[in-house]
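In: Next come a sequence and a model predicted from it.
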Amino acid sequence: LPVLGLCLGLQCIVIEAARSVGLTEANSAEFDPDTPDPVISTMADQRDAVAGDADLGGTMRLGAYPATLEAGSIVAEAYQSTNVSERHRHRYEVNNEYREQIAESGLRVSGTSPDGHLVEFVEYPREVHPFLVGTQAHPELKSRPTRPHPLFVAFVGAALDYKAAERLPVEIPEQHANGREHPDTAAQP
């Protein structure tokens with residue numbers, strides 16, 4: 001199924017990618033401050049506030065920020081540009097210490113802040129997944145009924161392509177609490 005992760009959605013995509021390459025305790029410092037593998041961590045300029053050593057009010061990364069997209073990426077195709085500006089509202093980011101390990105999963109960073117320090121977009125190449133894109137931003141804040149955001153247009157297009165390929169509905173077998181298929185729904189020989 002096509003996936004578009006916004007803000008926390010990108011963070012969850014990154015956590016799962018890290019877990020898939022053996023970082024079984026990978027997590028966000030927001031969810032588990034004691035995780036041994038904080039693949040999502042507090043932004044450097046937010047640490048004092050989150051720790052309670054400074055005023056938490058008004059400390060988020062708020063407003064519009066530029067991003068540079070990788071040419072040929074799904075997101076660059078959606079925007080039809082490699083330079084974009086998106087709105088943000090968060091304190092946590094992808095931890096750069098884990099970027100190499102996250103890349104081992106096949107997930108690629110397809111957009112960053114202009115200086116390359118902040119991960120703004122991630123995606124799997126189409127050969128791995130037809131449409132799995134995450135952004136740290138909030139594109140819903142720039143979308144309008146008569147002018148939908150390019151990421152939403154691309155996402156809906158991917159969903160329509162998926163349906164046209166007759167991959168819907170996705171059948172999900174009933175399962176027992178132990179994770180095994182229910183006998184009535186198990187495949188018959």
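Out: It's in.
In: Run through the bridge partners of the nearest residue to T135 once chain neighbours are set aside.
Out: Spatially, and ignoring its direct neighbours in sequence, T135 is nearest to F121 (5.1 Å; C-beta to C-beta, 6 or more residues apart in numbering). Every C-beta, even on glycine, is put in place using the N, C-alpha and C of the backbone. For F121, the beta-bridge partners under DSSP bridges are G111, T135.
In: Of all the residues in the lengthiest helix in the chain, which ones are buried?
Out: When the chain is parsed with DSSP state H, its longest helix is helix 150-164. For helix 150-164, burial by neighbour count (16 or more other C-beta atoms under 10 Å) applies to P150, L151, F152, A154, F155, A158, A159, Y162.
In: Among those residues, which one lies nearest to V128?
Out: Closest approach between the buried residues of helix 150-164 and V128, by C-beta to C-beta: A158, at 13.8 Å.
In: Please look at the closest one and H129 and confirm they touch.
Out: No: judged on C-beta atoms under 8 Å, A158 makes no contact with H129 at a distance of 9.9 Å.
In: Do a quick rundown of the helices in this protein.
Out: Under DSSP H, the chain gives helices at 8-20, 47-50, 74-79, 99-104, 150-164.
In: export those to CSV and tack on mean pLDDT and distance to Y65?
Out: Putting the helices of the chain into CSV (pLDDT from 0 to 100; distance: least, C-beta to C-beta, whole Å) gives the following:
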stretch, mean pLDDT, distance to Y65
helix 8-20, 97, 14
helix 47-50, 46, 19
helix 74-79, 98, 15
helix 99-104, 96, 19
helix 150-164, 94, 16
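In: Same list, these, but as a markdown table with distance to H88 please.
Out: Formatted as a markdown table, those follow (distance: least, C-beta to C-beta, whole Å):
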| stretch | distance to H88 |
| --- | --- |
| helix 8-20 | 11 |
| helix 47-50 | 16 |
| helix 74-79 | 16 |
| helix 99-104 | 19 |
| helix 150-164 | 14 |
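In: tell me, how many neighbours does V21 end up with?
Out: Residues within reach of V21, counting by other C-beta atoms under 10 Å, total 16.
In: For V39, see how far away A78 is.
Out: Per C-beta to C-beta, to the nearest Å, A78 is found 25 Å from V39.
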